[in-house]
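[1] starting from these lines, generate the structure:
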Amino acid sequence: MTTTASTITAPVANARNLALAHYAARGVLENVLARHGATFQQQVALRAASTSDAPQTPDDLLTQVQESLKADPADIRATFDELRAKQLLVADGVHLRPTDAGRELLAAVGAETTPISARIWGGIPAEDLAAAGRVLALVTERANTELAALTA
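    Numbers count the residues shown, from 1 in each chain. Next up is the predicted model:
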């Protein structure tokens, strides 16, 4: 039986449900990444370097990854070192850029996760996705404000 949004009794959105959805989806991605010898943090850093409009300095890339993951800067720098050691990211003057192998890794992971994502997200009505998107954007904004106050 295929479960769709219309067959589920809708729980009230809360932090626990958000976390459960996040970790379920992340678990899928981490399973695919593990088959390629990559970690979630490596993928986030490599994607940030690959999708940027302009070349990124290590500090610029660190800021971008830290904003996404809220991870310790030392851990992110270690991730950059891991990516360079794997020849997925390379120093190009003062910038870090993905190598062809890095771009190929992202493409391979994307090719594997696209059909899985289609099964996960498929059949959810557009209005439900829009409402969820608005709620998630607001929760993200508020949580970032609270985190900034805690770390100020």
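
[2] just give me the neighbour total for Arg142.
    Residue neighbour count, defined by other C-beta atoms under 10 Å, stands at 10 for Arg142. Where C-beta positions appear, they are placed from N, C-alpha and C, glycine not excepted.

[3] could you measure from it over to Leu33?
    30 Å (C-beta to C-beta, to the nearest Å).

[4] before we move on, what about Val65?
    Counting by C-beta to C-beta, the gap from Val65 to Leu33 is 16 Å.

[5] more crowded one of these two?
    The residue with more neighbours, out of Val65 and Leu33, is Val65; 25 against 20, by other C-beta under 10 Å.

[6] so is the more buried one in a helix, a strand, or just coil?
    helix (DSSP: H, G, I helix; E, B strand; the rest coil).

[7] find the nearest non-adjacent residue to Leu18, please.
    Distance criterion C-beta to C-beta, 6 or more residues apart in numbering; nearest residue to Leu18, sequence neighbours excluded, is Val139 at 6.9 Å.

[8] secondary structure element holding that neighbour?
    When elements are defined using DSSP states H and E, Val139 is found to belong to helix 126-151.

[9] now do the spatially most central residue of the chain, the pLDDT please.
    For the chain, the residue sitting closest to the mean C-alpha position, by C-alpha atoms, centre = their mean, is Val44 at 5.2 Å. pLDDT, the model's per-residue confidence, is 97 for Val44.
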